[in-house]
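J.: A predicted structure for the sequence below; I have some questions about it.
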Amino acid sequence: MSQKNETVPLILALLITLGLLGVAGWWLLKSSQVQQILNPGSSPTPANPNNPASPNPNPRTSPSLPPAPIPQSSENSPAFDQVANIPAGVFNYGGSTTWAPIRRDVDSVIQQEIPQFSLRYIEHPTKPPGSGTGIGMLLDNQLAFSQSSRSLKTEEYQVAEQRGFTLKETPVAIDGIAVAVNPTLDISGMTIAQLQDIYTGKITNWSELGGPDLLIQPYSRRIEDGGTIEFFVDNILDGEAFGANVEFIPTTTQALRQVSQNLGGIYYASAPEVVDQCTIKPLPVGSKPDQLVPPYQEPFVPPEACPAQRNQLNASAFRTGEYPITRRLFVIIKQNGQVDQQAGETYANLLLTEQGQALIEETGFVRIR
């Protein structure tokens, strides 16, 4: 009887133990299945972030590569190296003296970044440098392309056609013509009509413009010397001849020196060559006496504050046309289907990139886009 009583508790204890073991096994099995569902194919070994071969512990946050750049057309490219189809070789170019700051500060960067596109500036052996001279050299196959501070003339298009090709002008910058007088001259500005009358000899004394009783001495380069003078004659003088009192000076540097030494002197030139000078005063000009616009940013910086401070170009007035004497600078391209055309189009496209326009702006001209 005693033995039977001891057997029953042992059997119950065994059954309870087996039941507990079954429950534990079932729980472990279900837990493993859940992990497989949540991370299919994952290793039961924890990932080691210091081991490159270890699986990524969080694939949702793995870094992604940046999208491939979208190809851009050359005219909308941000930098020189985005311009396509740049020819290799040495290419002669020349023309306008107004372009000198661009040749110095922009073309030098082009040469550094694209050495295979080699640019060589050349002048005519006998004629003075200028827009007309450069276009003539282009027509005579002496240049691959040329730089101009004026638009092409009808006769230049005609000569090109006679020689079996056409010419194309591509604008790349905006420039203005600034008028310089002696810094001590007591005059606030002048109209376009008054400027015309000075250079055609109709107005000869500053007292006629509200200034002192002093003879006016107008200075200019000769019309054959460049596009700036041609532009001035065509657009300011309306094709009239210079007055007998105009004194012709070979260069802008020499002319500005004359104005600084002669109280009655006056001269005109590309605005970047005039506005920041210390020894002269750039004048506001306008279509009407009550609409005079300065070529410089106000307030005016007097000569005594220069060169510590210099007048800056009134770029916004040039861009909007509020300043009345503005023009565009052009790359003149020979349309002949040959490498010269490719070189000219490449040069224009480089200047029209964001990098080119920013560099042009730094030289003192106004960006065209």
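T.: Cool, got the structure. Numbers count the residues shown, from 1 in each chain.
J.: so where do the helices sit in this structure?
T.: In the chain, the helices defined using DSSP state H lie at 2-38, 100-105, 107-113, 131-139, 154-162, 192-199, 227-235, 252-261, 271-274, 315-320, 339-351, 354-362.
J.: which stretch in these is the model least sure about?
T.: Looking over the helices of the chain, mean pLDDT reaches its minimum on helix 2-38, with a mean of 47.
J.: can you list the helices of the chain in CSV and add mean neighbour count?
T.: Glycine gets a C-beta too; all of them are placed from N, C-alpha and C. Formatted as CSV, the helices of the chain follow (neighbours: other C-beta atoms under 10 Å):
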stretch, mean neighbour count
helix 2-38, 9
helix 100-105, 16
helix 107-113, 15
helix 131-139, 25
helix 154-162, 13
helix 192-199, 19
helix 227-235, 21
helix 252-261, 18
helix 271-274, 24
helix 315-320, 16
helix 339-351, 23
helix 354-362, 18
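J.: would you reformat these as CSV and include distance to Cys306?
T.: Compiled in CSV, the helices of the chain are given as follows (distance: least, C-beta to C-beta, whole Å):
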stretch, distance to Cys306
helix 2-38, 76
helix 100-105, 19
helix 107-113, 26
helix 131-139, 30
helix 154-162, 40
helix 192-199, 24
helix 227-235, 24
helix 252-261, 12
helix 271-274, 13
helix 315-320, 19
helix 339-351, 30
helix 354-362, 20
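J.: for Asp213, find the nearest of those helices.
T.: helix 192-199 (15.8 Å; C-beta to C-beta).
J.: which helices and strands sit right next to that closest one?
T.: strand 217-220, strand 285-286 (3 or more C-beta pairs under 8 Å, 6 or more residues apart in numbering; DSSP states H and E).
J.: got the contact list for the shortest one?
T.: Looking back up the chat, that one is strand 285-286. 179, 189-192, 195, 292-293, 295, 323-325 (C-beta atoms under 8 Å, 6 or more residues apart in numbering).
J.: Pro115 is nearest to which of the helices and strands packed on helix 192-199?
T.: strand 217-220 (39.9 Å).
J.: which strands border that closest one, and is each parallel or antiparallel?
T.: strand 247-248 (parallel), strand 265-270 (parallel) (DSSP bridges).
J.: make a markdown table from those strands and add distance to Glu155, mean pLDDT and mean neighbour count to it.
T.: Below are these laid out as a markdown table (distance: least, C-beta to C-beta, whole Å; pLDDT from 0 to 100; neighbours: other C-beta atoms under 10 Å):
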| stretch | distance to Glu155 | mean pLDDT | mean neighbour count |
| --- | --- | --- | --- |
| strand 247-248 | 24 | 98 | 14 |
| strand 265-270 | 24 | 98 | 26 |
